[in-house]
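> Return atomic coordinates for the entry below.
(2 chains)
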Amino acid sequence: MRLEMSSNRQQRLCVAMMRNVGGVIVLSLLLVFVQLAAGESFSPPGTPKNIICRSPEKETFTCWWEPGSDGGLPTTYALYYRKENSDTVYECPDYKTAGKNSCFFNKNDTSIWVTYNITVVATNALGRAFSDPVEIDVVYIVMPNPPEEVTVTVIEDTNWPFLRVSWEPPEKADTRSGWITLIYELRIKLENEDEWEVHPAGQQKVFNIFSLRPDSTYHVQVRCKPDHGFWSEWSGTTFVKVPDYFPRERSMWILIAVFAAFIILTFTFIWLSYMKIHNLKHYVLPPVPGPKIKGFDKKALKNGKFEDIFSSLVVSDFPPTTSNYEDFIVENLEVFVPEEQELIMEDSKDLQDDSIKSENSTCDNDSGRGSCDSHTLLIDKGGGDKEEALQSDQEGSQDERVPTSPEEVMEEDLLACCDEKNSPDISEKVKFTPSLISPLPRYNLMNQPNPPEIGKKHCLSDSLLNPDSLPSYFTQPPSTKNDFRSNPWECNFNHKQHPLHPQTTGKEHLQVQNEISWVHVDRTEASLGVQAPSVRSTEYVEVQRVSGGNMVLLHPVSAGQENSGTMSHQTEHYSRVKTVNNDSGLLLLQKESTGEEMGICLSEEEVESRATSNGYTASITPTSEKPMVGINSTLPILDDRMASGYVDTATMFGLPTY
Amino acid sequence: QPGRLAPISPLFVALVCLAFCSRLSRMKAASICTNSQTGCHFLSLANLFDRVIHHSARMHGISNDLHSEFELYFLPSKNRVSRNCHTSTILTPNGKENAQRIAREELTEVILKLLLAWRDPLWHFHQNMARHHKFNNLSSNKSLEMSEMVHELRKGVQKVAEKMQMLGIISNSLGTLGSREALLASDSPEWRLMNDYNLLYCFRRDSNKIQNYLKILKCRIVPEHGC
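Numbers count the residues shown, from 1 in each chain, chains lettered A, B, ... in the order given. As a prediction, this is how the structure comes out:
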């Protein structure tokens, strides 16, 4: 049935067309004959194509087609349409309104939500051509006109002006009744540019544009689209000129600030260039002292091998076994002072008693402070005898080490003392107490008639006994200023110093640092009078080497201390003093032979002192009359190689008592 | 420790109550309008209209998508069967003048009729799609959504109609007449004869009609907002 209907339709179409074109055909035939005589060819028309229908307001619509070839003959075009579910064929009511090759459907002929089936037929004298039918529904072919009355104004209320674009919907589109809903879009560009900036605007009819460039011209265009349809053409360009604006107040402050900053920076750079870079660097970034932990390898730290570093710190024989205890104790030689100083000694002794308990626990290998009081340690280990620090140059050492000159010796000492680069592998035996140090500088007995005048610092350390490790400790010279604490690291070698006069006020605290720890040395005061290092407690005295043999000159004390004898050469041989008998007997501890380099010249007495198992007892008998300390001839001989001593007891040995 | 919480909890409760009450009062203030204030009523009607219009726009969008998919994948032949939508029996204005000339009650009735007429066919369509896996999952979800939306939109428009009747904007002639015609339309077996493509085509058009009619109705009754 449907096929029949379509054929009927076509028949009716043909009939209608026939009537219209009948006359035309006759004429065209004549023309054909004429032209045939002229020698041209004719053909039926080509099919019309590309039928496009558009409605501007959803109330009317227009269809346009593209004519095919006309075959050389005059060709007419006709548009026929059918409505949905109806077989009635209608022809286009209006070919004119919309221009050539168009068909306009007015309101009466337009039905919305109805499918139109449209066909265009081209006819010429030789034939007809039917286009492909096109089905449209007006609702979906709406393409409105561009928006109208596009106005752009520059709003200059604030410091930063902006554009306000406003427009109206196209006149024909009825948005007021809700028949059509339009959405808008605008685009803007600078005059010189090619690229537009597109802004969707929804259903609103006003739009603001910010961030404008001052003193420039903009082009603005707007277009619209219904819910389901096509975009309109862009509206005509609207030109707008943005005035030249520049918020003066703010910009001026900005300029001033920038300028001032620039000037300040310039001056800073000039100042920096005048300052030494080194100073500046030290001023800004004070050098960080490296770790001075025995067994700590900085390089390993940099490599990041933490296990290695920490393992190296672990010393296998720590805590030391009891058998080695004596080795670690750094004893100070105590030198009895003459009676006049006994009072002071008593005081110091009392103080020591008090401090023993408190300081007992502070003794720590790892502490950076000289928290270990040697006297406390001595008491712990040695049985409570107070010991006095002694330093004495060992006479015997003179033999072992032949210093070329006192100066050289001093230099050696200097180097020994100030060598901070000691490898951290200090002999493990020297763990506990650092060696005691003599607060007094040594004097160069050789050179100077008044040796006490010579100021030279002693650098003492346990590690002196250790050939491998040079001490990295320093002793502060007891200066009258009492500032020895300030630079524990520094080895102040000041030959001109006069710190033969130890401060007479209060206790002195010497800080000795060896690689292990600090030794806190309490020094009793100027009770150290002359020669005899009066102090009972950890009074350190420097024992001048007794040149003559059994003479020990002790002088931590004031410069006025007279050294009885000449000083032997300044080679320092130190032995550790373990205990000091109350009767001024010195027990010199020697390290078990670790092969320290320290050559200790042993006097005969020193040799004797080696008798005991772990230590040697050297007894020193101070005389009450004289500050000299006498050493028993029974003192064991200190071996050279038994390093440890910082106290130069060599000279002490064999000192005759006075 | 309960000891510490004891004094706090009533305070807390009081605060919560205060917060809620203030909110409630605010809401009430918004919704309670004295009858004398007509502006208040119109405002809420406009909101209702906006809601149903948005709803119908979404429904139309889904139907458009489904139709395009169908057309893409199933390539119906050029010589289609006539599109005899089962709702063609419902007289609908097919032009602007006609739509503006028609009475508000009639227009509302047309909308309701259309919505009612499509309730069953869409449901069956969805069942058909799901059963035969003719669509992918996304399209199947859309068909379900479409059928649900028809249902909800109809309720919404009913509410709007009630509101308008209450406000006296439209007379109370709605009701039985519309439903009868709609029932006739939905009972007609024609819709079962439609193939899927036709169904989608018809529904796409009808949803467009519904959306358009609602807009016209809104701009006629409450024109001050967005018309």
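> Confirm for me that B:Val52 is in contact with B:Leu214.
Yes. Contact criterion CB atoms under 8 Å: B:Val52 and B:Leu214 qualify, at 5.8 Å. Quick note: C-beta positions are derived from backbone N, CA and C, even for glycine.
> joint contacts of these two?
Common contacts of B:Val52 and B:Leu214 (CB atoms under 8 Å, 6 or more residues apart in numbering or on different chains): B:Val157.
> for B:Val160, what are its contacts?
For B:Val160, the set of contacting residues under the criterion of CB under 8 Å, 6+ apart consists of B:Leu45, B:Leu48, B:Phe49, B:Val52, B:Thr108.
> any idea how far the second one is from B:Glu152?
Spelled out, it's B:Leu48. Separation of B:Leu48 from B:Glu152 (CB to CB, to the nearest Å) stands at 13 Å.
> Backbone dihedrals for A:Thr151, please?
Main-chain dihedrals, A:Thr151, degrees, to the nearest 10: phi -120, psi 140.
> Report the beta-bridge partner residues of it.
With DSSP bridges as the criterion, the beta-bridge partners of A:Thr151 are A:Ser166.
> Can you point out the buried residues in stretch A:199-206?
Neighbour-count burial for stretch A:199-206, counted by 16 or more other CB atoms under 10 Å in any protein chain shown, picks out A:His199, A:Ala201, A:Lys205.
> So A:Gly178 is in contact with B:Ile221, correct?
No. The pair formed by A:Gly178 and B:Ile221 falls short of the contact definition of CB under 8 Å, at 10.3 Å.
> if you count what's nearby, which of those two comes out ahead?
With other CB atoms under 10 Å in any protein chain shown as the criterion, A:Gly178 and B:Ile221 differ in neighbour count, and A:Gly178 comes out ahead with 23 against 18.
> Now do B:Ala130: how many residues are near it, please.
Using other CB under 10 Å, B:Ala130 has 15 other residues around it.
> my bad, should have said A:Arg82
The burial count assigned to A:Arg82 is 19, neighbours taken as other CB under 10 Å.
> May I have the helix or strand containing A:Trp64 exported as PDB, CA atoms only?
Following DSSP states H and E, the helix or strand that holds A:Trp64 is strand A:61-66. Included here for strand A:61-66 are C-alpha records, laid out as PDB according to Å, rounded to 0.1, in the frame of the first residue of the first chain:
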ATOM      1  CA  PHE A  61      11.700  28.900   7.500                       C
ATOM      2  CA  THR A  62      13.500  29.100   4.200                       C
ATOM      3  CA  CYS A  63      15.100  26.400   2.100                       C
ATOM      4  CA  TRP A  64      17.900  26.900  -0.300                       C
ATOM      5  CA  TRP A  65      19.300  24.600  -2.900                       C
ATOM      6  CA  GLU A  66      22.200  24.300  -5.200                       C
END
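> and B:Asp196, how many neighbours?
Other residues within reach of B:Asp196, judged by other CB under 10 Å, total 18.
> Tell me how far it lies from chain A.
Taking CB to the nearest CB, to the nearest Å as the measure, B:Asp196 and chain A are separated by 18 Å.
> That residue touches B:Phe70, doesn't it?
Yes. Between B:Asp196 and B:Phe70 there is a contact under CB under 8 Å: 6.7 Å.
> any idea which element B:Glu154 lies in?
Not Glu; residue B:154 is Arg. When secondary structure is defined using DSSP H and E, the element that contains B:Arg154 is helix B:137-167.
> For that helix, what is the distance to the chain centroid?
3 Å (CA atoms, centre = their mean, to the nearest Å).
> if we can go back for a sec, quick check, nearest of the buried residues of stretch A:199-206 to B:Ser171?
When these are compared for distance to B:Ser171, the smallest value, 35.8 Å, is given by A:Lys205; criterion: CB to CB.
> give the contact list for the residue of the stretch 101-250 of chain A found nearest chain B.
When distances are taken as CB to the nearest CB, the stretch 101-250 of chain A approaches chain B most closely through A:Gly178, which lies 3.5 Å from it. Residues counted as contacts of A:Gly178 (CB under 8 Å, 6+ apart) are B:Asn212, B:Lys215, B:Ile216, B:Leu217, B:Lys218, B:Cys219, B:Arg220, B:Cys227.
> name the helices or strands packed onto whichever helix or strand the fifth one is part of?
The one in question is B:Lys218. Element membership for B:Lys218, per DSSP H and E: helix B:196-221. For helix B:196-221, the contact count by 3 or more CB pairs under 8 Å, 6 or more residues apart in numbering or on different chains; DSSP states H and E identifies helix B:38-74, helix B:96-101, helix B:104-117, helix B:119-132, helix B:137-167 as packing neighbours.
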